[in-house]
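Peer 1: Below: sequence and its predicted model.
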Amino acid sequence: MSAQTLAAEAGGAPARLRIDLVPERSYDIVVGEGLIADAATYLRPVLTGRRVAVVSDETVAALHLPALRRALEAGGFEHHEIIVPPGEPTKDFAALERLIDDLLDARIERSDAVIAFGGGVVGDLAGFAASILRRGVAVVQMPTTLLGQVDSAVGGKTGINTRHGKNLVGTFHQPRLVLADIGVLDTLPRRHVVAGYAEVVKYGLIDDPEFFAWLEANGDAVCAGDRAAQRRAVVASCRAKARIVAADERESGSRALLNLGHTFAHAFEVEAGYGDRLLHGEAVAAGLVLAFELSARLRLCPAADVERVRRHLTAVGLPTSPGAVVGEDAAGRLLDHMAQDKKVRDGQIAFVLTRGIGKAYVDRNVDRAAVLAALDDSLARRPASTENQS
Ligand code: GLY
C-alpha cells in the first residue's frame, strides 16, 4: 500500500468499497463515522421491504441500539429487536434455535431483512439464521467491533461452533451491505480492540508487506483509538478482503489464505473452551506466530521475519503463544482439534504457510511431526498471558 493511498484513506467522507461478485450477490462496504445515525439512508436502496429485525447482544444494545432505533424509526422502518447474550458461547445450536424462533415470532418474512448489529458472534449467528430462515432472507452486517469490521462481517461466511470445533456448521450468505461505523470503536474495551487488530495484521502478512510496515509504525495508534489510523486500517483491511473474496467467493482456492494462523487459532479456542480466557483475535495472534514458526522450522521463512511478527504482536499486547491458556502438554490434543478443520481433505490438514512477510501460501503436505514440534516449542515458551489486559 502506497503512502498516497493511505493518505487518501484518512479523509472525512465515508469510504465505499465494492465486493464484486456476480451482480445479485455484489455489495458495498461503507466505512466511516456516524453511519448508525444515518442507517436508513444506506439501507433504503439495498432493501426491498421496510421491516427489519435487529439482532444485537446485551453489551452493544445498551450502548448503541438507541441510536439505531432512532435512525430506523425516522427512516420509516418497522423494526423488531432481538438481544442475545454476549460472547463466543452464544454461537451454538441452542442460541441459533432461540434466534430462529424469535425471528419467526416476529413474523420476519422473505421480503424483510435481518440486521446483524454487533461483533463477530452476532454477525456469524444472525447471518446464519438469516440464511436458513424461510430458506433465506436478506442480511445487513453492521459490525461494532474492529474484528467484525475488518474481517467477519465481510465476505458472507456465517456459522456456529460445536464441541467438535469452530464454525463447523454454517453457510455462505453474502450481506446486502456492510456498514462499519468506526465511531463505535471508542466504546470497545481495549482488549477487544487489540484482539481485532490481529486480523488487521493478518492482511499485511498474507500479501502486503508495505501494509505490515505501516502497521509496525502505526499499530499503537490503531489500538489506542486514533480515528484516522483506525479508519486507514479498516479500509485497507476491507479492500484486501474484498479483493480476495471477489477472486474466490466460496474458498475453493485463494480465499484459504485468509485463514493464515486460523487452523492453529481454532484449535486453541476449542481447547480453551470458547470463553473470555482467549478471545478469537488473541488466538489468531498466537496462530499467526505459529504459522511463521512452523514455516521457519521447515526452512521456508527467514527467522528474522518470525522475530518481526512476534515483536510487533507483543508490542501491541497480543499473545504470541497460547501456552498460558491451553497448558504446556496440549500439543497432541491441539493436533486432534486441527483434524476437524474445514479444510481437511482425505485426513490431510491444509496449512497456510509463508515464505516470509507478505508471502503466504497454502500447503497440504505438511509433516505432522514438524507441526507437533512447532506446537511443543510454542507451548513451552508460555509468553504473554492475556490476563493483565483490561
Ligand atoms: N475469515 C476468513 C474468511 O472470511 O474467509
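Peer 2: Good, I have the coordinates.
Peer 1: switch to C-alpha atoms for all contacts and neighbour counts from now on
Peer 2: Will do.
Peer 1: Close to the ligand: what parts of this structure are there?
Peer 2: Asp151, Ser152, Gly155, Lys157, Arg255, Leu258, Asn259 (C-alpha under 6 Å from any ligand atom).
Peer 1: Tell me the one of those nearest Arg232?
Peer 2: Asp151 (14.5 Å; C-alpha to C-alpha).
Peer 1: how about the closest one, secondary structure?
Peer 2: helix (DSSP: H, G, I helix; E, B strand; the rest coil).
Peer 1: from the middle of its chain, how far away would stretch 305-315 be?
Peer 2: Averaging C-alpha positions (C-alpha atoms, centre = their mean, to the nearest Å) puts stretch 305-315 21 Å from its chain's average.
Peer 1: So what touches that stretch?
Peer 2: 198, 216, 220, 285, 289, 292-293, 296, 319-320, 356-357, 384 (C-alpha atoms under 8 Å, 6 or more residues apart in numbering).
Peer 1: do stretch 336-347 as well
Peer 2: Counting by C-alpha under 8 Å, 6+ apart, His164, Gly165, Leu168, Thr263, Phe264, His266, Ala267, Val270, Glu271, Gln348, Ile349, Ala350 sit against stretch 336-347.
Peer 1: Kindly recompute the last result at 6 Å.
Peer 2: Ala267, Ala350 (C-alpha atoms under 6 Å, 6 or more residues apart in numbering).
Peer 1: tell me how far the ends of it are from each other?
Peer 2: With C-alpha to C-alpha, to the nearest Å as the measure, stretch 336-347 spans 11 Å from end to end.
Peer 1: buried sites along that stretch?
Peer 2: His337, Met338, Ala339, Gln340, Asp341, Lys343 (16 or more other C-alpha atoms under 10 Å).
Peer 1: which one of the contacts of stretch 305-315 has the most neighbours?
Peer 2: Taking other C-alpha atoms under 10 Å as the neighbour criterion, Ala285 ranks highest of the contacts of stretch 305-315 with 33 neighbours.
Peer 1: Work out for me the element it sits within.
Peer 2: helix 280-297 (DSSP states H and E).
Peer 1: all helices of the stretch 251-390 of the chain, in order?
Peer 2: Counting by DSSP state H, counting those that start in this stretch, the stretch 251-390 of the chain has helices at residues 262-272, 280-297, 303-316, 323-326, 331-338, 368-381.
Peer 1: what angle sits between the last one and helix 331-338?
Peer 2: Counting by axes from the mean of the first three to the mean of the last three C-alpha atoms, to 10 degrees, helix 368-381 points 120 degrees away from the direction of helix 331-338.
Peer 1: ok, now the first one?
Peer 2: The directions of helix 262-272 and helix 331-338 differ by 110 degrees, with the same axes, to 10 degrees as the criterion.
Peer 1: other SSEs contacting helix 262-272?
Peer 2: Under the contact criterion of 3 or more C-alpha pairs under 6 Å, 6 or more residues apart in numbering; DSSP states H and E, helix 262-272 touches helix 280-297, helix 331-338.
Peer 1: in the stretch 201-350 of the chain, which ranges drop under the pLDDT threshold?
Peer 2: Low-confidence segments of the stretch 201-350 of the chain, defined by pLDDT under 70, are absent.
Peer 1: And the residue of it that's closest to the ligand?
Peer 2: The stretch 201-350 of the chain approaches the ligand most closely through Leu258 (4.9 Å), counting by C-alpha to the nearest ligand atom.
Peer 1: returning to that earlier point: and the helices and strands packed on helix 262-272: which comes nearest Arg16?
Peer 2: Checked against C-alpha to C-alpha, the stretch from the helices and strands packed on helix 262-272 lying closest is helix 280-297, at 25.3 Å.
Peer 1: distance between the ends of stretch 349-365?
Peer 2: 8 Å.
Peer 1: Would you mark the buried spots in it?
Peer 2: 349-358, 360-362.
Peer 1: what's around Pro189, how many residues?
Peer 2: 12.
Peer 1: Got phi/psi on it?
Peer 2: phi -60, psi 140 (degrees, to the nearest 10).
Peer 1: Any figure for the gap between Asp363 and the ligand?
Peer 2: 17 Å (C-alpha to the nearest ligand atom, to the nearest Å).
Peer 1: how about a markdown table for the helices and strands packed on helix 262-272, with distance to Cys238 added?
Peer 2: Converted to a markdown table, the helices and strands packed on helix 262-272 look like this (distance: least, C-alpha to C-alpha, whole Å):
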| stretch | distance to Cys238 |
| --- | --- |
| helix 280-297 | 17 |
| helix 331-338 | 27 |
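Peer 1: Can you tell me which of those is nearest to Ala113?
Peer 2: helix 280-297 (27.5 Å).
Peer 1: Now do that closest one against helix 368-381, angle only.
Peer 2: Computed with the same axes, to 10 degrees, the direction of helix 280-297 lies at 120 degrees from that of helix 368-381.
Peer 1: the inter-axis angle of helix 280-297 versus helix 303-316?
Peer 2: Going by the same axes, to 10 degrees, helix 280-297 makes 160 degrees with helix 303-316.
Peer 1: who touches Ala265 in this structure?
Peer 2: Contacts of Ala265 by C-alpha under 6 Å, 6+ apart are Ala283, Val284, Gly287.
Peer 1: how about a cut-off of 8 Å?
Peer 2: Per C-alpha under 8 Å, 6+ apart, neighbours of Ala265: His280, Ala283, Val284, Ala285, Ala286, Gly287.
Peer 1: Which of the buried residues of stretch 349-365 fall in strands?
Peer 2: Phe351, Val352, Leu353, Thr354, Ala360, Tyr361, Val362 (DSSP state E).
Peer 1: How far away from the center of its chain is the longest helix along the chain?
Peer 2: Looking across the chain with DSSP state H, the single longest helix is helix 227-247. Relative to its chain's centre, helix 227-247 lies at 12 Å (C-alpha atoms, centre = their mean).
Peer 1: Just the CA atoms of that helix, as PDB, please.
Peer 2: Output of helix 227-247 as PDB, limited to C-alpha atoms (Å, rounded to 0.1, in the frame of the first residue of the first chain):
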ATOM      1  CA  ARG A 227      -9.500   7.700  14.500                       C
ATOM      2  CA  ALA A 228      -7.500   8.400  11.300                       C
ATOM      3  CA  ALA A 229      -5.300   5.400  11.900                       C
ATOM      4  CA  GLN A 230      -8.300   3.100  12.700                       C
ATOM      5  CA  ARG A 231     -10.000   4.300   9.500                       C
ATOM      6  CA  ARG A 232      -6.900   3.600   7.400                       C
ATOM      7  CA  ALA A 233      -6.600   0.100   9.000                       C
ATOM      8  CA  VAL A 234     -10.300  -0.800   8.500                       C
ATOM      9  CA  VAL A 235     -10.400   0.500   4.900                       C
ATOM     10  CA  ALA A 236      -7.100  -1.200   3.900                       C
ATOM     11  CA  SER A 237      -8.300  -4.500   5.500                       C
ATOM     12  CA  CYS A 238     -11.700  -4.400   3.800                       C
ATOM     13  CA  ARG A 239     -10.000  -3.600   0.500                       C
ATOM     14  CA  ALA A 240      -7.800  -6.700   0.900                       C
ATOM     15  CA  LYS A 241     -10.600  -8.900   1.900                       C
ATOM     16  CA  ALA A 242     -12.800  -7.600  -0.900                       C
ATOM     17  CA  ARG A 243     -10.100  -8.500  -3.400                       C
ATOM     18  CA  ILE A 244      -9.600 -12.000  -2.000                       C
ATOM     19  CA  VAL A 245     -13.300 -12.800  -1.700                       C
ATOM     20  CA  ALA A 246     -14.100 -11.500  -5.200                       C
ATOM     21  CA  ALA A 247     -11.400 -13.800  -6.600                       C
END
